[in-house]
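# fold the following for me, if possible:
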Amino acid sequence: VVYNSEKGVFNGDSIQDLNYFPNTMTIVGNALTALEYAYSFSALGTKVTLIISNRVAFTLALSRANVSPDDCSRLMVQLEDKGVIIMYNDGIASVDASRNPKETPVVIRLDSGNTIETNALVTILGRVANAGSMGLESDAVGVACNTEGSVLIDHNLETTASGVYASGDVVGGPWIPNNGLDQVHSAVVRMFGLETMAVRSMSERQAGFLTKSLNSNGYASKMDEAFPGVVSEEVFIETMTRVVGKYGFNPESSINLVSTCREKICRPFTEKLNSMWGQHFNIASLGGFVFCGRTSFATGMAHARVDNNGKKRYVFWAMPHIAYGIQHIEGKVFRSGRDGPSNACGALITIKGEIANAKVAVGLDPTDTEMSLLRQQVLGRLKYGKVPTLLGITYASHECILEQVRNTARDVINPDTCEYVIISGIQVHGALNKNFIWPGTITMFSGGVETDLTPTYLEDIKDWKLDTWLQTEALAQVQSNSKGGRLSAIFDGIEL
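Below is the predicted model of the structure:
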């Protein structure tokens, strides 16, 4: 389709240049904006034909925008009551534009073979919010968007940055046609405190925010973009336990040797692991690195049981960590009981700052041994001449830690009498005061042979969905918060 406003062929933007009243209009599209234009022009008296070119894509767009099938059905009935003709699963084959569309109609030939004559053709096959160039997602602002660039807002139109509100096309939300000004009014009312609102903690705000499927989908999409295949920490431990259990590694036969950072924010991992396996042996150093060496490995492995065949079994769990909270800012997360954001991993953030400021000390400082060794390991994995992101440093750290565990285990373990599994990943401190895990590797070593257990893991985890889990957890937290009698504004529009 060649757009030409003077010849009666428009898109979602150029329709604003319409300088005549069209007695008839044909709108083709799969986006909610198509419904908005159909509603608006029919209200003005134009005879509108609405063609939903792909019903599956249209249904998906509704779902992602948090519009229920019932709401959509009611809207379609309203459109038909206004005289709108609605067609499905047909598209444009060709268009004959008009030199004078007000008097001589545009001729549209559809894929089905039907022909429509209309005074204006409007195609709306998708609209992307233009928020990416505004710097909203910077560390200084902290307004989160989804992977399509739409700003994420809660039920009060507030973004992930406290005191920053958004409305209109930029939010990509399920807004009913012709209420754009109502959104602006609502945002202004809330922004300037003209309406009484319950004071909520950041934890409560996050829970209310993620009850919206658009927001849980948006946060999940950004998480999965940064950490492909990321899952909740508890699900990761439970799934890996089932996977290694199929090969004889279980709490009765094996001992866990674990390396996660010593920061308090990392403790839920070992607490969950210990609740399922019993006490682990700690091989961790700063940032989750493993500098303890062969002696500590041997000490930990000496606690393992010997089975009837004279075999000992070990499971190594090793990973660095990073914060990636509701605002999608690397290194920052909001935690329960704290007004401001927490940072993680402190050691890796320090290295990032040293590189950015060209002040990197590579020697061994005897008063800061672990940091000196960590710095040397990480720098050896980074590309020279380029300032890395914190995410890039974290992935490099994962490779370092994995290599440390593999090399030390290989030097210490006798393959004739021992079997072991190395599980690696990245611990991610995310929204809802929850930790998540990016699954790195899962490798079994038995009889001198390495076996990748990733296919077994992927088969076990295939039905788990991050966005569904986030929304379910958020609703549970909202319900929990309400039990104390604080019915806050986060309940607006939520059916529990």
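
# which parts of the helix or strand where residue 35 lies are buried?
Assignment of secondary structure by DSSP states H and E places residue 35 within helix 32-43. Residues of helix 32-43 classed as buried: 32, 33, 34, 35, 36, 37, 38, 39, 41, 42 (neighbour count, 16 or more other CB atoms under 10 Å). Just so you know, the C-beta spots here come from the backbone N, C-alpha and C atoms, and that holds for glycine as well.

# equivalent analysis for stretch 213-231, please.
213-224, 226-227, 229-231.

# in the stretch 101-250 of the chain, which spans are strands?
106-110, 115-118, 121-124, 231-232 (DSSP state E, counting those that start in this stretch).

# with the stretch 251-400 of the chain instead?
Assigned strands in the stretch 251-400 of the chain, in chain order: 254-259, 281-282, 312-318, 321-323, 332-333, 342-343 (criterion: DSSP E, counting those that start in this stretch).

# what's in contact with the longest one?
Identification of contacts with strand 312-318 by CB atoms under 8 Å, 6 or more residues apart in numbering yields 244, 248-249, 253-260, 269, 273, 280, 283, 288, 290, 300-301, 304-307, 401-402, 404-405, 409, 413, 417-424.

# quick one on the thing from earlier: closest one to residue 467 among the strands of the stretch 251-400 of the chain?
For the strands of the stretch 251-400 of the chain, proximity to residue 467 was assessed by CB to CB; strand 332-333 is nearest, at 18.7 Å.

# pLDDT weak spots in the stretch 1-150 of the chain?
Scanning the stretch 1-150 of the chain for pLDDT under 70 picks out the ranges 1, 63-66, 126-133, 140, 148.

# cool, the stretch 351-496 of the chain as well?
482-496.

# helices or strands up against the longest helix seen in the chain?
When every helix of the chain is counted residue by residue (DSSP state H), the longest turns out to be helix 390-412. Of the remaining helices and strands, those touching helix 390-412 by 3 or more CB pairs under 8 Å, 6 or more residues apart in numbering; DSSP states H and E are helix 293-301, strand 312-318, strand 321-323, helix 346-356, helix 369-379, strand 418-429, strand 435-446.

# export the strands of the stretch 251-400 of the chain as TSV, with columns for distance to residue 28.
Listed next are the strands of the stretch 251-400 of the chain as TSV, based on distance: least, CB to CB, whole Å:
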stretch	distance to residue 28
strand 254-259	57
strand 281-282	63
strand 312-318	54
strand 321-323	45
strand 332-333	43
strand 342-343	49
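
# winner for burial among the ones you listed?
strand 321-323 (a mean of 27; mean count of other CB atoms under 10 Å).

# which strands and helices lie in contact with that strand?
Applying 3+ CB pairs under 8 Å, 6+ apart, one finds that strand 321-323 makes contact with helix 390-412, strand 418-429.

# now do the buried residues in stretch 442-460.
Within stretch 442-460, the residues that qualify as buried by neighbour count (16+ other CB under 10 Å) are 442, 443, 444, 445, 446, 453, 456, 457.

# what lies in contact with that stretch?
Residues lying outside stretch 442-460 but in contact with it, judged by CB under 8 Å, 6+ apart, are 239-240, 242-244, 246-247, 409, 413, 415-416, 419-424, 439, 441.

# which of the residues you listed count as buried?
If you count burial by 16+ other CB under 10 Å, the buried members of those come out as 239-240, 243-244, 409, 413, 419-424, 439, 441.

# next, format those residues as TSV and append distance to residue 264.
Formatted as TSV, the buried ones among the contacts of stretch 442-460 follow (distance: CB to CB, whole Å):
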residue	distance to residue 264
239	25
240	23
243	29
244	27
409	28
413	32
419	33
420	29
421	27
422	26
423	22
424	22
439	24
441	27
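
# from the buried residues of helix 32-43, pick the one nearest residue 59.
Nearest to residue 59, judged by CB to CB, of these is residue 32 at 11.7 Å.

# wait, the closest one sits on residue 61?
Yes. Between residue 32 and residue 61 a contact is recorded at 6.5 Å, counting by CB atoms under 8 Å.

# let's test this: mean pLDDT of stretch 240-248, rounded?
Averaging pLDDT along stretch 240-248 gives 97.

# wait, residue 99 sits on residue 4?
No. Counting by CB under 8 Å, residue 99 sits too far from residue 4 to count as a contact (10.1 Å).

# which parts of this structure are helices?
Ranges of helices within the chain are 32-43, 55-64, 69-81, 180-191, 202-210, 213-226, 233-245, 267-277, 293-301, 346-356, 369-379, 390-412, 454-461, 466-482, based on DSSP H.

# okay, these, which one's buried deepest?
Burial among the helices of the chain, expressed as mean neighbours by mean count of other CB under 10 Å, is greatest for helix 202-210, which shows a mean of 24.

# and the angle for it with helix 466-482?
Taking axes from the mean of the first three to the mean of the last three CA atoms, to 10 degrees, one finds that helix 202-210 is oriented at 130 degrees with respect to helix 466-482.

# roughly how far is helix 202-210 from the heart of the chain?
Relative to the chain's own centre, helix 202-210 is displaced by 15 Å; criterion: CA atoms, centre = their mean, to the nearest Å.

# ok, and the closest non-adjacent residue to residue 439?
Using CB to CB, 6 or more residues apart in numbering and skipping residues adjacent in sequence, the residue nearest residue 439 is residue 425, 5.1 Å away.

# hang on, isn't the one you found packed against residue 435?
No. At 11.1 Å, residue 425 does not count as touching residue 435 under the criterion of CB under 8 Å.

# now, among the buried ones among the contacts of stretch 442-460, which is nearest to residue 145?
After measuring the buried ones among the contacts of stretch 442-460 against residue 145 - CB to CB - the closest member comes out as residue 439, at 25.7 Å.
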